[in-house]
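Engineer: With the sequence up front, the predicted model follows.
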Amino acid sequence: MSFVLTEDQEMLRETATAFARDELSITHLRALRDAGANGKDAKTRQKLAELGFFGVIIPDEPGAETFGLTGLGQILEAQGATLAATPLLQTALIAASALQLGGSPAQQAEWLPKIAGGETTFALALDETAHFAPYNVSTEAERNGQGYTINGLKKYVPDAHHADMLIVVARTFGESGDRHGLSLFLVPRDAKGVTITELKTVDSHGAAHVTLENVNVAESALIGPADQGADILDPVLDRAAIGLAAEMLGSAQAAFDMTLEYLNNRKQFGQLIGSFQSMQHRAAKMFIDLEMTRSCVASALAAADDGKSDLAELASLAKALASELVHLVSNECVQMHGGIGMTDVADPGFYMKRARVQEALYGSASWHRDRYARLNGF
Amino acid sequence: MAYDNAEQLEEFRLEARKWLEDNCPPSMRTPMRDDEVVWGGRNATFKNPDSKAWLDRMGEKGWTAPEWPKEYGGGGLSRSEARVLEQEMRRIKARPPLFSFGLWMFGPALLEFGNHEQKLRFIPDIVKGKTRWCQGYSEPGAGSDLAGLQTRCEDKGDHYLINGQKVWTSYADKADWIFCLVRTDTSTKHEGISFILFDMKSPGVEARPIQLISGESPFCETFFTDVKVPKEQLVGRVNGGWDIAKRLLQFERSSISAGGFGGTGGSGILGPDEYAKHHVGTDETGRVADGDLRGRIADHKMYTKAFALTVQRQTEQAKAGQAVGHTASILKYAAAKMNQDRHELLIEALGTEGLGWEGEGFDKGAMRVTRQWLRSKGNSIEGGTSEINLNVIAKRVLGLKEHQ
Ligand SMILES: Cc1cc2nc3c(=O)[nH]c(=O)nc-3n(C[C@H](O)[C@H](O)[C@H](O)COP(=O)(O)OP(=O)(O)OC[C@H]3O[C@@H](n4cnc5c(N)ncnc54)[C@H](O)[C@@H]3O)c2cc1C
């Protein structure tokens, strides 16, 4: 395992950081919010495609080298720093992984180039309740003559309000809670029977509830074998958690840096507030947590690239630590800014709102702690 | 830095493996209990003759200090060779042959600041475990504010004369020599401190053990009355001791976070999850029955894993020239928290089984846990308190300003 980036990955990191800083700043997010865009941003999508960011884990030709998840992680971290709303996690990471891990050669040939080129974006429609629970799926896909008919309701699906395609997790066997019996389907957003209810969310990134009413898809829409979708879903969700953890690390670092700067500028009682020890110790503890989380995110990204068998464990480690980190840092960022931290003109609030969304998606800290214990047999 | 190619390194691995196979006695490949730890020194005690043989062989090869120069009795290995040696020792579960303040903190500082004669005189005996050192830093009025120390050191022409008192001196009653901070100038604070070495058998030295909450008495009050010290035993320049003191503290913090807490750092003790399964019980799926305890154990285990990964990351980054500053303080803080959390969880998981003190009726292993739990409270105090380490991070790493 390497904690030191390759030269190529380092360059990618620099490009991504500069891009996020120059074009996807919080000012940009604020403008989108004020314009009511709700996270929809066609121009940015276009620029991401030009930069090649959609195809970071997709080889140019079969077997060719890529920047790997480690490379994509650098981009996600950079966009986390400025809270940028982009389709990268859903499309470049989740959909690309699902197709790479479970897609048929025909599906791969059709969709991977479209993902890499930024032509088609995706959203993973999984959760049906307010809490992440990947096997609690009641949405049904019933066999009909030429394919399947899908019925169900998916809640808070990130990017579903602007994605071109959905990957819908449905049940072809068994009952909600069973691991066996899940299947993954490719469903165009404009398929007959699909209703997208756009959600205005606290982080201004938006999301959507997705209703599927007698949606007919062909046999060829199935990703991987029927009933065994969890074998694809699990590693995809691990990667999603890791990618999101990288994004969260970026958010936490940025909120922390902003706080540190404020501590070194704001004066009260004739002193810099950062010279008060109660502030210094809290800042130092956050820094230690940042260092620890950074190690976990880096090793989880590398584990995905190296095909390590402890991927699940490292994914849970990274997501749990990143969740606690971003929670703490975003709260402290508001608190340490005092009154200005409570205002909409300042940025701390943006970090706090986005943090709660990041924490909830793909498993909360408790969910991952619980899984970590299970994976370790206690 | 020495570079080795992969082939040479592989060759070294086979050599080391063979040597360890031939020289590490089988009884030295079992988990070690606290009372089996070898501290070396003039009055060394060995519970088991094998542990003496093991120390002698490793010391002879310089492998107790693999990376120190051969010239001074060290192993002369490169960083990568030393890592290979470590891996090979771990592979056969070899016990560390020697625990020693000399190896962990004094030796590295002397190699950096001592002159050639001093190194020749003191380093080889540290490597071989022949001299046991203690640390004379803290005083009743100078703990966190170490530079406030008062122990006086006067220049008497052909020797120095030392008067004063130290406190919390770990193993002062068992040590052969002391490395000691003394005041050579009373008109200034940090710039009036010197770093001096002397034999604990010198006339005028007295060490009185202090009992700890764990029932053990590893540390002492140490009194110096007109102690005569030869001049060549001062390290560095007169009044130049503070830099050495700080550097040594970095070594101390690093060695503490590398697992040097309170003797063996709890080796050979089961994990909190295992105790919890046993004493709290499991649910129908085999998980620890108390969900809240289980969650907190998982939290702790994750922190432990994150800590290990951080140590690994910092090592790799340092190798690539991307060092993070003051890692010793970062890791010392985290390691103290980690070890203390672990022992709190162990006590909780053990329930009343963990509340024994001595005698019959309690499991011996559980009573060791109890003693170590008490000892672990020192982790956030020894080698600089957690608060002081947070101060260091805030100021030196984060650049937060001093109160004006
Ligand atoms: C197990 C153990 C082994 C030890 N071994 C040795 C040894 O071998 N040799 C040796 O010389 N010493 C040794 N020590 C001493 C140790 O280094 C001191 O105890 C330590 O530096 C703290 O000093 P103090 O006890 O005087 O506490 P104090 O400095 O009085 O601190 C009391 C409390 O106040 C806090 N505090 C003090 N100043 C500040 C500040 N500026 N900001 C915030 N909080 C502050 C501290 O964090 C602590 O919580 C050992 C201690 C222990 C527990």
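Structural biologist: Happy to help now that I have it.
Engineer: Let me know the helix or strand that the most far-flung residue of chain B relative to its centre is in.
Structural biologist: Farthest-out residue of chain B from its mean C-alpha position, per Cα atoms, centre = their mean: B:Glu284, at 43.2 Å. Using DSSP states H and E, B:Glu284 sits within no helix or strand.
Engineer: Ok, A:Ala355 next?
Structural biologist: helix A:348-360.
Engineer: Give the other helices and strands that that helix contacts.
Structural biologist: Counting contacts by 3 or more Cβ pairs under 8 Å, 6 or more residues apart in numbering or on different chains; DSSP states H and E, helix A:348-360 is packed against helix A:26-34, helix A:230-263, helix A:311-336. Any C-beta I mention is one placed from the backbone N, CA and C, and that applies to glycine too.
Engineer: which of the residues in the shortest one are buried?
Structural biologist: Right, the one you point to is helix A:26-34. A:26, A:28-30, A:32-33 (16 or more other Cβ atoms under 10 Å in any protein chain shown).
Engineer: and the residue of chain A nearest the ligand?
Structural biologist: In chain A, the residue that lies nearest the ligand is A:Gln277 (5.8 Å; Cβ to the nearest ligand atom).
Engineer: Can you tell me the closest non-neighbouring residue to that residue?
Structural biologist: Spatially, and ignoring its direct neighbours in sequence, A:Gln277 is nearest to B:Asn391 (7.2 Å; Cβ to Cβ, 6 or more residues apart in numbering or on different chains).
Engineer: Give me the mean pLDDT for the one helix or strand the one you found maps to.
Structural biologist: Per DSSP H and E: B:Asn391 is located in helix B:386-392. Averaging pLDDT along helix B:386-392 gives 96.
Engineer: okay, that helix in CSV with CA atoms only?
Structural biologist: Written as CSV, here are the backbone C-alpha positions of helix B:386-392 (Å, rounded to 0.1, in the frame of the first residue of the first chain):
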residue,chain,number,x,y,z
SER,B,386,-1.9,15.6,26.8
GLU,B,387,-2.6,19.3,27.4
ILE,B,388,1.0,20.2,26.8
ASN,B,389,1.1,18.2,23.6
LEU,B,390,-2.1,20.0,22.4
ASN,B,391,-0.3,23.3,23.1
VAL,B,392,2.6,22.1,21.0
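Engineer: Does it reach the ligand?
Structural biologist: Yes: applying Cβ under 6 Å from any ligand atom, one finds helix B:386-392 touching the ligand at B:387-388, B:391.
Engineer: for stretch B:366-375, same thing?
Structural biologist: No: judged by Cβ under 6 Å from any ligand atom, stretch B:366-375 stays clear of the ligand, getting no closer than 7.3 Å.
Engineer: ok, back up a step: what sits against the residue nearest to A:Gln277?
Structural biologist: A:277, A:280-281, A:284 (Cβ atoms under 8 Å, 6 or more residues apart in numbering or on different chains).
Engineer: got it, and B:Tyr160?
Structural biologist: B:153-154, B:196, B:228-231, B:234.
Engineer: With distance to B:Asp363 as extra columns, can I get the residues of helix B:386-392 next to the ligand in TSV?
Structural biologist: As requested, those are exported to TSV (distance: Cβ to Cβ, whole Å):
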residue	distance to B:Asp363
B:Glu387	36
B:Ile388	37
B:Asn391	41
